[in-house]
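Colleague: sequence below, structure please.
(2 chains)
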Number of protein chains: 2
Amino acid sequence: MLRGAGVAAATAALAAPALADSNLPEVKWRLTSSFPKSLDAIYGAAEYFAKRVSILSEGKFQIRVFAAGEIVPGLQALDAVQNGTVECCHTAAYYYVGKDPTFAFDTAMPFGLNTRQQNAWVYHGGGLELMREFYQSYNVTSFLFSHTGAQMGGWYRKEIKTPEDLQGLKMRIGGFAGQVLAKLGAVPQQIAGGDIYPALEKGTIDAAEWVGPYDDQKLGFNKIAPYYYYPGWWEGGAALSLYVNLKAWEGLPELYKQIIQSATAETLDWSLAKYDTSNPKALRELVAGGTKLQPFPPAVMEACFNAANQLYAETSAANPRFKKVFDQWSAFRREQVLWFRVSEQTFDNFMARQSAQSRL
Amino acid sequence: MLRGAGVAAATAALAAPALADSNLPEVKWRLTSSFPKSLDAIYGAAEYFAKRVSILSEGKFQIRVFAAGEIVPGLQALDAVQNGTVECCHTAAYYYVGKDPTFAFDTAMPFGLNTRQQNAWVYHGGGLELMREFYQSYNVTSFLFSHTGAQMGGWYRKEIKTPEDLQGLKMRIGGFAGQVLAKLGAVPQQIAGGDIYPALEKGTIDAAEWVGPYDDQKLGFNKIAPYYYYPGWWEGGAALSLYVNLKAWEGLPELYKQIIQSATAETLDWSLAKYDTSNPKALRELVAGGTKLQPFPPAVMEACFNAANQLYAETSAANPRFKKVFDQWSAFRREQVLWFRVSEQTFDNFMARQSAQSRL
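Modeller: Reported below is the predicted structural model:
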């Protein structure tokens, strides 16, 4: 009798401890990360995920995490999953915009969705279905896996005062944003996290963006570039993906598929909260150490926004896969930004003013 | 050999389907919700959670969800868990500020944390540990369970032009905010969701806040009050809780405890994305139907902010449990708001300006 069961009765029935389920098969997977071990917030998300999967399967489903370069380089994680070298990877979809710019929707689009809006799009806004359909031809399925929040605009050796200062700028920048900057004369480069510092130090590049204060401080960019700009308009919320090889996915017992779904969602919360709690202290330390923190000038933001819109129009005209997602996504963005302007941002901006007046 | 195992080999080993684990005990719990079934985003979160728990336990751990009033009224959910009538509930911690204002930290504090910041505080900022310590004397443990995002400021029969217009205002308002408004002469009332409409219709109250456009439209407040204000400064992000009776919790097999942890985190993502995708359309329809949408005047916001600070000082002086959490929480809030002012809000405000200029 369900209605009649009180807590005391229910707990009495549970005296026997759970035993490991001998019917569930042992599964061992390898996950290749696009990130180095030193970045505990982003690399650590995959380790957290693997731990949760192991716990929820009572140790039967083990996922071993490998750092970028241990099996394949960071920017080849998708390829390793696609061809079955490993079963899954933790990566940024927009690393693969060279294959197809449609990848960018799954991480962040320039002047795109913020973190909350990206989650809304993926979970209830049709985004997951659109992206999984797109991914089929790459032999993978995907899960929203981790978040960084709105990223910073990166580290620059020289000040950026006008859009003209972008001309000839050799910059490490992730994803589709490189093509936006190229329209303004910059020379974008895609370089995996662990390789950025030497390139910036040697002067191979003039500027580099990575994530935000917590990671950037670990990578030491402040030692070799004085200007730290915000916001990273190309990733108002950067969502990282778990890719799973389709054949490996289809071979999983149903329970393990469900465990992956729950563990990825849990990892998403874990990772974003990790960044949000870690960034403030790192930013304070960077600024105390002499970093020059400044916003991009309005004219630079405007020029980049216009260049992004131009790129979207051109890409939509040339690529029907991109257009299909863009049309749905841009209508979603319009509605989301309109709604966030009401309560969400009015609240945040009021609190920001209290902060600026040292009233918190 | 882990390294040597390719995808084909791994999937071959998985041909046998998973069988139900005969070693895991059958557990049946009841969850009482503080919310009516008609509100599918907030009530639906508990149903989603129960479904995930069932799936992850292969049907062995069943949680049956009851709407407000089916077992106990919406505002007595905590009591029902505390005394063992049910094993768990989905509720807003701040419904219980009459017992102790410390409850409010777990849902939302006036001029407190936004949704992201609340998650950060709970998951990595020490909040979960502080709240669970506090909850011990109520015989429950807690999980961050669902979110609404920043709420609206509610429905008013008359315009609120100055702080003086709050004097004598009989208003349904959740949580600690009622005490803030009382300092400005308002007469706050705590009324469960399903009972607000008749009170506002009959004129027992002059104003009522609930959640946001999606829920408020369902409850029909627009039919009986023309003014819809924002932001809900008392809940810049409202986190709902799962309370679990301590004895029921301790009696659970370890696997089921872990399943609850993962399923609550997954429910959190589901619920927030559900609100974020549902609110824009509802707000459009409300405004198209004649609702007068407007921000609280700056003088009203300022007066409420000052009253909140006064209340915090008084409560901290009188209540050491409150003070312990407040001191930690307010330092956390200070750092979070400072950090969010940088990249996050600069990005959001730029996008808001493009929206205001119809450029999205």
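Colleague: and A:A192, what pLDDT?
Modeller: At A:A192, the model reports a pLDDT of 79.
Colleague: so it touches A:L39, yeah?
Modeller: No - A:A192 lies out of contact with A:L39 (CB atoms under 8 Å); the separation is 11.2 Å. Yep, even glycine has a C-beta here, placed from its N, CA and C like the rest.
Colleague: more neighbours: these two, which one.
Modeller: Legend: neighbour count by other CB atoms under 10 Å in any protein chain shown for A:A192 and A:L39, higher for A:L39 (22 against 19).
Colleague: so who does the more buried one touch?
Modeller: By CB atoms under 8 Å, 6 or more residues apart in numbering or on different chains, the residues touching A:L39 are A:G193, A:D215, A:K218, A:L219.
Colleague: if we use 10 Å, what do you get?
Modeller: Residues near A:L39 by CB atoms under 10 Å, 6 or more residues apart in numbering or on different chains: A:33, A:45, A:67-68, A:193-194, A:210-211, A:214-216, A:218-219.
Colleague: for A:R132, see how far away it is.
Modeller: Distance from A:L39 to A:R132, counting by CB to CB, to the nearest Å: 27 Å.
Colleague: again, but for A:E285
Modeller: A:E285 is 41 Å from A:R132, by CB to CB.
Colleague: about what we covered before: just curious, which of the contacts of A:L39 is nearest to A:P163?
Modeller: Using CB to CB, A:W210 is the member of the contacts of A:L39 that lies nearest A:P163, at 22.8 Å.
Colleague: can you count the residues close to A:E133?
Modeller: By other CB under 10 Å, the residues close to A:E133 number 12.
Colleague: what about it, distance to A:F332?
Modeller: 16 Å.
Colleague: isn't A:K28 right next to A:S57, touching?
Modeller: No - look at A:K28 against A:S57 with CB atoms under 10 Å: they stay out of range, at 11.4 Å.
Colleague: joint contacts of the two?
Modeller: A:I63.
Colleague: more neighbours: those two, which one.
Modeller: Higher neighbour count among A:K28 and A:S57: A:S57, with 26 against 15, using other CB under 10 Å.
Colleague: I'd assumed A:S262 was in contact with the more buried one.
Modeller: No - A:S57 is beyond contact range of A:S262, at 11.1 Å (criterion: CB under 10 Å).
Colleague: can you report how many residues lie near the residue in the stretch 251-360 of chain A positioned nearest to chain B?
Modeller: For the stretch 251-360 of chain A and chain B, the shortest gap (CB to the nearest CB) falls at A:G251, measuring 3.0 Å. Using other CB under 10 Å, A:G251 has 19 neighbouring residues.
Colleague: what does the one 3 residues further on give?
Modeller: A:E254 is flanked by 11 other residues according to other CB under 10 Å.
Colleague: what does A:D206 give?
Modeller: When counting by other CB under 10 Å, one arrives at 18 neighbours for A:D206.
Colleague: show me the contacts for it.
Modeller: Contact partners of A:D206, counting by CB under 10 Å, 6+ apart, are A:155-158, A:168-172, A:186-187, A:200, A:225.
Colleague: farthest-separated two in the residues you listed?
Modeller: Farthest-apart pair in these is A:W155 and A:G168; separation 17.2 Å (CB to CB).
Colleague: who has more neighbours out of the two?
Modeller: More neighbours surround A:W155 than the other of A:W155 and A:G168, with 27 against 10 (other CB under 10 Å).
Colleague: do you have the helices of the stretch 51-200 of chain A handy? List them.
Modeller: A:77-82, A:115-124, A:127-135, A:177-183, A:196-202 (DSSP state H, counting those that start in this stretch).
Colleague: who are the packing partners of the longest one?
Modeller: Which is helix A:115-124. If contacts are counted by 3 or more CB pairs under 10 Å, 6 or more residues apart in numbering or on different chains; DSSP states H and E, helix A:115-124 sits against helix A:127-135, strand A:140-147, strand A:239-245, helix A:254-288, helix A:320-340, helix B:115-124, helix B:254-288, helix B:343-356.
Colleague: tabulate the ones you listed (JSON lines), appending distance to A:R52.
Modeller: JSON lines is the format used below for the helices and strands packed on helix A:115-124 (distance: least, CB to CB, whole Å):
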{"stretch": "helix A:127-135", "distance to A:R52": "20"}
{"stretch": "strand A:140-147", "distance to A:R52": "12"}
{"stretch": "strand A:239-245", "distance to A:R52": "12"}
{"stretch": "helix A:254-288", "distance to A:R52": "4"}
{"stretch": "helix A:320-340", "distance to A:R52": "29"}
{"stretch": "helix B:115-124", "distance to A:R52": "13"}
{"stretch": "helix B:254-288", "distance to A:R52": "6"}
{"stretch": "helix B:343-356", "distance to A:R52": "27"}
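Colleague: can you say which of those is nearest to B:N319?
Modeller: The closest of the helices and strands packed on helix A:115-124 to B:N319 is helix B:115-124. By CB to CB, the value is 19.6 Å.
Colleague: can you state the direction angle for that closest one and helix B:254-288?
Modeller: Put simply, helix B:115-124 runs at 170 degrees to helix B:254-288, going by axes from the mean of the first three to the mean of the last three CA atoms, to 10 degrees.
Colleague: what pLDDT does A:L24 get?
Modeller: 88.
Colleague: A:T277 too?
Modeller: pLDDT, A:T277: 98.
Colleague: that one: what's it in contact with?
Modeller: Counted by CB under 10 Å, 6+ apart, A:T277 has contacts A:41, A:214, B:117, B:119-121, B:123-126, B:332, B:335-336, B:339.
Colleague: what about the nearest residue to it once chain neighbours are set aside, how many residues nearby?
Modeller: Distances taken as CB to CB, 6 or more residues apart in numbering or on different chains place B:H124 nearest to A:T277, at 4.1 Å, with adjacent residues excluded. Neighbour count for B:H124, taken as other CB under 10 Å: 20.
Colleague: can you check A:V342 too?
Modeller: Residues lying near A:V342 (other CB under 10 Å) number 22.
Colleague: list the contacts of it.
Modeller: Contacts for A:V342 (CB under 10 Å, 6+ apart) come out as B:150, B:152, B:212-213, B:228, B:230-231, B:279-280, B:283, B:293, B:295, B:352.
Colleague: mind doing that once more with 6 Å?
Modeller: B:Y230 (CB atoms under 6 Å, 6 or more residues apart in numbering or on different chains).
Colleague: and if you look at A:S241?
Modeller: Neighbouring residues of A:S241 by CB under 6 Å, 6+ apart: A:A93, A:D106, A:S142, A:F145.
Colleague: got the CA coordinates for stretch A:80-95 in PDB?
Modeller: Provided in PDB are the C-alpha atoms of stretch A:80-95 (Å, rounded to 0.1, in the frame of the first residue of the first chain):
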ATOM      1  CA  ALA A  80      39.400   9.900 -33.100                       C
ATOM      2  CA  VAL A  81      35.800   9.300 -32.100                       C
ATOM      3  CA  GLN A  82      34.500   9.300 -35.700                       C
ATOM      4  CA  ASN A  83      37.000   6.600 -36.800                       C
ATOM      5  CA  GLY A  84      36.600   4.500 -33.600                       C
ATOM      6  CA  THR A  85      40.000   5.000 -32.100                       C
ATOM      7  CA  VAL A  86      38.200   5.900 -28.900                       C
ATOM      8  CA  GLU A  87      34.600   5.700 -27.900                       C
ATOM      9  CA  CYS A  88      34.100   9.300 -26.800                       C
ATOM     10  CA  CYS A  89      35.700  12.700 -26.400                       C
ATOM     11  CA  HIS A  90      35.300  16.000 -24.500                       C
ATOM     12  CA  THR A  91      35.800  18.800 -26.900                       C
ATOM     13  CA  ALA A  92      34.600  22.100 -28.300                       C
ATOM     14  CA  ALA A  93      32.400  21.600 -31.400                       C
ATOM     15  CA  TYR A  94      33.600  24.800 -32.900                       C
ATOM     16  CA  TYR A  95      37.200  23.400 -33.200                       C
END
